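Student: Predicted model and sequence below, questions to follow.
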Amino acid sequence: MFNFKRAQLAIDLLGQYITPKVNSIPQDKTADVESQDNCFLDSFYDNNQNDLLSTLRAAEGYSTSASPLVRLLIPRIPSPSLDLIETIVNIFCKGNEPKQALNYLTIQIEASQQQQQNCNSCSNEASSMFLHSKKLYVARKYYHQSTHHVAALEAFLPVVENRFGIASVRALEIKRELSLIMYDRGDKEQARILYREAVMILEGMKEVGKDQGEEKDGGSDKGGCLQVKDQHSEGPTERMGIKSKLRKWDKILVEREELDRKRAALWGSDGHFEIVGNTVRCLDHFLEPPKPVEDDFENIADLLEQLPILSVDTSKHFVKKGKHRPEIKNLLLCQGGSAPGEPKSQNIIRLLGKTHTGEVIFEKHLTCQVVIRRSSTLATIRVWILDMIDALSCLHSLGIIHRDLRIDNCLFSNDDTRLVLCDLKSRWGQRSPPEIASEGILDDAGWSSKSDIYCIGDSDLRQCSYYQLR
């Protein structure tokens, strides 16, 4: 599990791998210092890859700071292991640098192919499979249906065909994905060509199976229309799976072609139509647009007058438009009746002031989406729960019921060690208190401090534990 302090220490330790100290070696006047330095660096990284891998994995959760150091480190590692490559790619992706990850994987793929040409072995083939698979994953996630995605599929296809055979299910899945992307990008003819090639491969599998049956019965030994390697030949179950995937593939292409024809027919035509998915229905009248949602903003002008005007620093402040009077009142009550005031609890969001345009300014913290996945150890969860209890204790002592206690309304300090409760509107809408909701009572009355306490175990602890166990 990610730990903030451990990640910081790991990032500090990366410096020793970027600029390792070359041992002082006795040299005569004609010694080639540079070659000796290079020999030392090669042996240094060969002998320290496990330690470097552990350091990078520790720094992975703090990827924004780790990415620049990793870029400096990459040229210094002569032969990275697959685990090291995967960790470096993860750091780039989490640091919002997927293009850097793709470029790094491309370099490693080229190096792997060169090694495979020099010494053809199963290990090099497996390495190439892993690298191409990782590149496709990155392209699919960050550049879906783009040229990067298409290029990754086209590069991966021959590798899969060489490893599993052109008639394998994995090769067919890549062709189908490539075909559908090409169709969406406008290359409809090429999409159909890929499908027809797959159908021909299936027919070739039938011919090979028929000829093999004739040979067993003492028949002729002439080959089928498609030669398939013995180690890649598929059985009846595999052929059934391929048939099923081909039918689904053809169905998707037919549906998209039919939708294109309907769109072309509707373009410029008179009348009203309703389109739901791939279904187009003619209407005899124009449907009324949905009514706009009524704004629930309340008049908080008198409350804003109590707040000081501040200059906004985006690195320290969070700004939003105030909506509800209870939220401003509750926040002021929690800090002695003024802003910024003296907070009665460090675990309740602090209202600092307002902008010149009347927006309210809060202290800035990290959201749960950023923190939960990297810091949700059981020990950390216990600290957060204690922080939450402290915040509720303060609210209840002031007569405030939160009524919306859930993980989305929790913020966290920059070092992930402190939970801060926010959203003090004290209103939920139509939800009944959680301890009586199971009885089918829809009345919004009945909320109490006990309801908030119930929510700690009923919602937040369970959600945090779920993230921790993933």
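Tutor: Arrived safely. Keep in mind that this is a model prediction, so the values were computed, not measured.

Student: Can you name the next helix or strand after the helix or strand containing Lys99?
Tutor: Following DSSP states H and E, the helix or strand that holds Lys99 is helix 98-118. Next in sequence after helix 98-118, counting helices and strands by DSSP H and E, comes helix 122-142.

Student: that older thread, okay, the helix holding Lys99 in CSV with CA atoms only?
Tutor: The C-alpha coordinates for helix 98-118 follow below in CSV (Å, rounded to 0.1, in the frame of the first residue of the first chain):
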residue,chain,number,x,y,z
PRO,A,98,0.9,8.4,-21.3
LYS,A,99,2.7,9.5,-24.4
GLN,A,100,6.1,9.2,-22.6
ALA,A,101,5.0,5.7,-21.6
LEU,A,102,4.2,4.8,-25.2
ASN,A,103,7.6,6.1,-26.4
TYR,A,104,9.4,4.2,-23.7
LEU,A,105,7.6,1.0,-24.6
THR,A,106,8.4,1.5,-28.3
ILE,A,107,12.1,1.7,-27.5
GLN,A,108,11.9,-1.4,-25.3
ILE,A,109,10.0,-3.3,-28.0
GLU,A,110,12.6,-2.5,-30.6
ALA,A,111,15.4,-3.6,-28.2
SER,A,112,13.5,-6.9,-27.6
GLN,A,113,13.0,-7.5,-31.3
GLN,A,114,16.8,-7.0,-31.9
GLN,A,115,17.6,-9.5,-29.1
GLN,A,116,15.1,-11.9,-30.6
GLN,A,117,16.8,-11.7,-34.0
ASN,A,118,20.2,-12.4,-32.4
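
Student: which parts of it are buried?
Tutor: Applying a neighbour-count criterion of 16 or more other Cβ atoms under 10 Å, one finds Pro98, Gln100, Ala101, Leu102, Tyr104, Leu105, Gln108, Ile109, Ser112, Gln115 buried in helix 98-118. C-beta here means a position set from N, CA and C on the backbone, and glycine is covered the same way.

Student: residues touching the first one, list them.
Tutor: I take that to be Pro98. By Cβ atoms under 8 Å, 6 or more residues apart in numbering, the contact list for Pro98 reads Phe92, Val138, Lys141, Tyr142, Tyr143.

Student: among those residues, which two are most distant?
Tutor: Maximum pairwise distance among those (Cβ to Cβ): 13.5 Å, between Phe92 and Tyr143.

Student: quick one, which of those two is more surrounded?
Tutor: Using other Cβ atoms under 10 Å, the more surrounded residue of Phe92 and Tyr143 is Phe92, with 25 against 17.

Student: element containing that one, please.
Tutor: Judged by DSSP H and E, Phe92 forms part of helix 82-94.

Student: swap in Ala155?
Tutor: helix 147-164.

Student: what's that helix in contact with?
Tutor: So helix 147-164 is contacted by 102, 109, 125, 128-129, 132-133, 135-136, 138-140, 142-143, 168, 170-171, 174-175, 177-178, 181-182, 185, 232 (Cβ under 8 Å, 6+ apart).

Student: Tell me where the model's unsure across the stretch 151-300 of the chain.
Tutor: For the stretch 151-300 of the chain, applying pLDDT under 70 flags the ranges 205-238, 266-270, 278.

Student: try 50 this time
Tutor: In the predicted model, the stretch 151-300 of the chain carries pLDDT under 50 at residues 220-233.

Student: most residues in a single helix of this structure, which one?
Tutor: helix 236-266 (DSSP state H).

Student: Tell me how many other residues crowd the spatially closest residue to Thr87 that is not a sequence neighbour.
Tutor: Among residues not flanking Thr87 along the chain, Leu56 sits closest, at 4.7 Å (Cβ to Cβ, 6 or more residues apart in numbering). For Leu56, the count of nearby residues is 25 (other Cβ under 10 Å).

Student: Check the one 4 residues further on too.
Tutor: Around Glu60 sit 21 other residues, with neighbours defined as other Cβ under 10 Å.

Student: Could you double-check that it sits in contact with Val89?
Tutor: No. Applying Cβ atoms under 8 Å, one finds Glu60 not in contact with Val89, separated by 10.4 Å.

Student: State the mean pLDDT of stretch 140-150.
Tutor: For stretch 140-150, mean pLDDT is 90.

Student: how about it: buried residues?
Tutor: Arg140, Tyr142, Tyr143, His148, His149, Val150.

Student: tell me how far the ends of it are from each other?
Tutor: End-to-end distance of stretch 140-150 (Cα to Cα, to the nearest Å): 9 Å.

Student: Could you do stretch 157-173 as well?
Tutor: Start-to-end, stretch 157-173 (Cα to Cα) is 10 Å.

Student: Show me which residues of it are buried.
Tutor: In stretch 157-173, counting by 16+ other Cβ under 10 Å, buried: 157, 159-161, 163-169, 171-172.

Student: Tell me how far that stretch lies from the chain's centre.
Tutor: The chain centre lies 27 Å from the centre of stretch 157-173; the measure is Cα atoms, centre = their mean, to the nearest Å.

Student: same check, this time on stretch 308-323
Tutor: Worked out by Cα atoms, centre = their mean, stretch 308-323 lies 30 Å from the chain centre.

Student: Can you mark which positions in it are buried?
Tutor: For stretch 308-323, by 16+ other Cβ under 10 Å, it's Leu310, His317, Phe318, Val319, Gly322.

Student: now swap in stretch 410-420 and tell me
Tutor: Cys410, Leu411, Phe412, Ser413, Asp416, Leu419, Val420.

Student: my read is the second one is in a strand, agree?
Tutor: Right, Leu411. Yes. Leu411 sits within a strand when classified using DSSP: H, G, I helix; E, B strand; the rest coil.

Student: and the closest residue to it other than its chain neighbours, how far is that from Thr377?
Tutor: What sits nearest to Leu411 in space, not counting adjacent residues and going by Cβ to Cβ, 6+ apart, is His365, at 3.7 Å. Note on His365: its distance to Thr377, by Cβ to Cβ, to the nearest Å, is 19 Å.

Student: and these two? which has more neighbours close in?
Tutor: His365 (19 against 14).
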